[in-house]
Each structure stands twice: as structure tokens, then as C-alpha cells.
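Novice: Sequence plus predicted model, see below.
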Amino acid sequence: MNIIIAGAGKVGFNLAKTLSIGHNVTVIDKNQEAIYRIQESLDIMPLHGDVESSKTYELFIDKKIDLFIAVTNADNINLIATLMADSVLDIERKFVRIKNNFYGDTLIKEKLGISEMIYPIKLASKSIVSLLKYPFANNVKFFNYTPYKLISTRTSATLEPTILSSNKFAIVGIERDKSFFIPKDDEEIYANDLVYFFGLEEEIKSVCKRLKKTEEQSIQKCVVFGADELGVAIAKELVDANRDVKLVEKDLTLCEKADEILGGKASVINSRYGMSTLFEDESLDSADIFISATNNDEYNITKCLEAREKGISKVMAINNEMEYYSLMHSLDIIIVRGPKMSAYNKILEEVNSTEVVIEKSFCGSKANIQMRKIFPSSPHIGRSVKPIKLGSSKLYYMRDSQLFDFKEKIILQEGDLIVAFCTTKENPKVKQWIYEL
């Protein structure tokens, strides 16, 4: 594909790095330093130019542009860049990153012909609230084609080696000692493993009780640390979900702004004199969950450990930098992608998915899921297909709401769902196989 990325910041750089494998990628930015960084690091064509000027795009007027991605740090620039590019170029799809929900009007999307509007702050805040329904889980992923979910949970520190076998769910991944692998069918599960299950919620919930050795309590009392834009968005989502929320922030101006946005529905606490006595003085230590939502990963880790020391067993941190992901996991901190990582992953999922095939990543992008639906109009109905043979993958097919191992040749039927789990290293082979079914 021919891809243009407007914006060479962290999201634009990482997208360019990933998409340059197999695609023709151009990154445009008027920040010369950002352009130099791309020139030195990536084998792509960076362009020093104004993304808001139609003249910038005239260089590509003779090309068909398959995808235009606007990911600068300003909403108005992203929208104007999309408008200018579209006025000059023939663009198949347009993705725009938007911070402010004000721009969520479907009219804007329709007028500009935008394929996807990516709201990173909303993605991050809503993912936290979705986890409230699953107090036994570290993460939950949902899918369009099936009620089955991908749910991860951390096993008890006292768990004896255990082998699980069931036709109600599948164990599709394990992270152990900072390393992820696709388990064998008879793989033992150890203490402190992070285990990924694919199945129906109630079935997974039942086995998680066994692995965690504790009865998870519902989450009602929530503490959010950090009252910048993301922290306030998280607090608002929690309030809307009828939770008791305390928002802690040391900047008095941010406290006042947060209180106004939340309309007094959450307790906003100023911590300018330190956190040492706040846990007791404000009864923060009685919370069911502590969420550190700053843009500093080291700070988030520190605050989560402090909260755990004060007696809050469930702690959650926003992960802004990939290099801190493994450390957070090893400390049993529940991880939620920050806005920039959320935008990056959401855009990649949209780029790599079609109406027929869905692709998602999990375990900090160490693994991938590929799903292919056999629709009534599919020419593949009645066709015989063989599974791909790879060591680091697990294949299944779903038929009549049941999950089956895909280890032998099958005849495809209408409504079948082919599901593949693999490491990121094996993903290109699995992706080619599932598209060629």
C-alpha cells in the first residue's frame, strides 16, 4: 500500500516503523528534528513540509494513496491536514487521531470522508471501566464475530503446578518470567503465571477462581491518581458507571478544573503536601482499586507499589512507554495502554483488519490473534482446508457456537470462524495462511 502519515511524533514514528515492512510509507512533518530522526532510524521517505498546506501533497498527485493517517498532537491540524490531502489526492481510506470528543460528531466524519476517527483518551478510559466488570481479570478483549472473549488472569503465588483441560475454553498464551509463549495442550500452569484464556466469560470466571485461590470482590471504591486530561476522563467514566471515585492531584489548578468537569460527583483531593498521610486521612487505603494515570511510567509504578503497601490489593497503571511493560507485568500491576499506545494499536488493528479478517494484538504486542469469518456469500464454503503447521501457534475453528481444535483438514461451512493465536514472530506466516484460505 501507499501510505502517508501526517505527524512524525511518537505515534507517527512507531506507525511508520511498523508499516514500512511491506508498504510504501511517507511521513510528513514541519519539525526538522523529527524528520532527521526518521532519516537516521527508518528506511522510508520523510518529507519536511506543512501538513496543513495542499501544496505539500502535490508531490504525490500521480499516485493512488491507499491510506492517509493524521496523527499530529493537535485535533484541528489533523482535520485540516485530512481536508487538504483529500482535496489534492485520490485517497482510499483516511484515519484521524482525535483527542477532543467535541469532534466526535458523525457529521464531521461524513463530510470529510474519514474512515476511522481514533479517540485515544476515550480508548484508554473505557478500557479501564470495562475491566470493572471482570475483577478476576488483568485484561479483556472483545470480538465482533463471537461472544467468546480473550481474558488474562494472574495465578496465585501459592498455586501448585496444574494442567487444565476443557472443551469450554482454550489456553492460548502464557507469560512467565517476562517471556511469552504459546502453550502446548498439556502445558502445566505455574504460580504467578499470566494466563490467556479464550472462551465464554462464565467458564473462564469459574476456572480463574481456582487459579487465583481467592474470591474476587466487586469494585466499587476507586482512587485515580493524576488529574490531567486522561485522569479526569477515567474519573468521569467511573462516575458514569456508578462507582465511588476519589481523584488525587498535586496541582491545585488541575484540581479545580477537574472538580468543575466532574460536577462535584467525585471527591477531588489536592496532594500538594505529599501522599504520606493522605491514604489514612482521606481513607484512600479502603479503596477496591488504585489507578495511576499520569504520563510518567516510573511515577505510575511507584504510586501503584505505594498503594499496594497501604493495603490496596488491586493496582492499575497507565503504560505510556513499551519498555516499562514487562516491569509492570512482573510487579503484578494491571496494565492499561496510555493514549499514544492506544492510538498506535488501534490504527494498526484497523489497517490490518478487513470485513472478513480481524487482527488484534495482545500481551503487549508479543502475540497476535487472526480471525476469519466464513460468510454466506463466501466462495470458500465446501472447500477443504488444512491447518498451518507452526510451533508457536494454536489454531481453532468455531462452528455452531462450539470451539474445536484445528489440527486436521476440515470442510468449511457457512458461519465457520477460523481463529489463530500466534507469537508476533510467526504472525506474517499465519496472516498469509488465513488470507489464502
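Specialist: Received, thanks. All values derive from a computational prediction rather than experimental measurement.

Novice: Okay, strands next: where are they in the stretch 301-437 of the chain?
Specialist: Under the criterion DSSP state E, counting those that start in this stretch, the stretch 301-437 of the chain carries strands at the ranges 315-319, 334-337, 357-362, 367-373, 384-385, 393-399, 402-405, 410-411, 417-423.

Novice: Could you list the domains of the protein?
Specialist: What the record gives for the chain is the domain set 2-118, 140-212, 221-342, 352-435, from automatic domain parsing.

Novice: Next secondary structure element downstream of the helix or strand of the chain with the lowest mean pLDDT?
Specialist: Across the helices and strands of the chain, the lowest-confidence element by mean pLDDT, DSSP states H and E is helix 106-111, at a mean of 80. With elements assigned by DSSP states H and E, the helix or strand that comes after helix 106-111 is strand 116-118.

Novice: what number of residues lie near D185?
Specialist: A count of neighbours around D185, defined by other CB atoms under 10 Å, yields 11. (Glycine included, C-beta is placed from N, CA and C.)

Novice: related to what we said a few turns ago, and the least confident helix or strand of the chain, which residues are buried?
Specialist: For helix 106-111, the neighbour count (16 or more other CB atoms under 10 Å) marks K109 as buried.

Novice: hmm, who's touching it?
Specialist: With CB atoms under 8 Å, 6 or more residues apart in numbering as the contact definition, helix 106-111 has outside contacts at L79, I114, M117.

Novice: Make TSV out of those residues and add pLDDT.
Specialist: Output for the contacts of helix 106-111, formatted as TSV (pLDDT from 0 to 100):
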residue	pLDDT
L79	94
I114	93
M117	92
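
Novice: Look up how far T82 lies from Y57.
Specialist: Between Y57 and T82 the computed distance is 11 Å (CB to CB, to the nearest Å).

Novice: what does I171 give?
Specialist: Distance of I171 to T82, computed by CB to CB: 43 Å.

Novice: which stretches of the protein have low pLDDT?
Specialist: Across the chain, the ranges flagged by pLDDT under 70 are 102-105, 213, 215-216.

Novice: so where do the helices sit in it?
Specialist: With DSSP state H as the criterion, the chain has helices at 10-19, 32-41, 75-88, 106-111, 120-132, 201-212, 229-240, 252-262, 278-281, 297-309, 325-330, 339-352, 427-435.

Novice: now for those helices, which one comes closest to A191?
Specialist: helix 201-212 (9.5 Å; CB to CB).

Novice: related to what we said a few turns ago, tell me which of the strands of the stretch 301-437 of the chain is the most buried.
Specialist: Comparing these by mean neighbour count (mean count of other CB atoms under 10 Å), strand 315-319 ranks first with a mean of 26.

Novice: Could you check the angle that strand makes with helix 297-309?
Specialist: Strand 315-319 and helix 297-309 are oriented at 180 degrees to each other (axes from the mean of the first three to the mean of the last three CA atoms, to 10 degrees).

Novice: Identify the residues contacting strand 315-319?
Specialist: By CB under 8 Å, 6+ apart, the surrounding residues in contact with strand 315-319 are 124, 128, 131, 230, 289-295, 297, 300-301, 303-305, 307-308, 325, 328, 333-338, 341.

Novice: Whichever of these end up buried, select them in ChimeraX.
Specialist: Buried subset of these, written as a ChimeraX selection, criterion 16+ other CB under 10 Å:
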select :124,128,131,230,289,290,291,292,293,294,295,297,300,301,303,304,307,308,325,328,333,334,335,336,337,338,341
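
Novice: Quote the end-to-end distance of stretch 265-276.
Specialist: Taking CA to CA, to the nearest Å, stretch 265-276 runs 25 Å from one end to the other.

Novice: oh, I was asking about stretch 189-201
Specialist: Using CA to CA, the two ends of stretch 189-201 sit 20 Å apart.

Novice: Check stretch 326-343 too.
Specialist: Stretch 326-343: ends 20 Å apart by CA to CA.

Novice: Over to stretch 288-305?
Specialist: Note: stretch 288-305 ends 15 Å apart using CA to CA.

Novice: starting at the chain centroid, how far to that stretch?
Specialist: Distance, stretch centre to chain centre, for stretch 288-305: 18 Å (CA atoms, centre = their mean, to the nearest Å).

Novice: Tell me how far the residue most central in space within the chain lies from L252.
Specialist: In the chain, the residue lying closest to the centroid (CA atoms, centre = their mean) is S342, at 5.1 Å. Distance from S342 to L252, counting by CB to CB: 29 Å.

Novice: so which of the contacts of helix 106-111 is the most crowded?
Specialist: Neighbour counts for the contacts of helix 106-111, by other CB under 10 Å, peak at I114, which reaches 23 neighbours.
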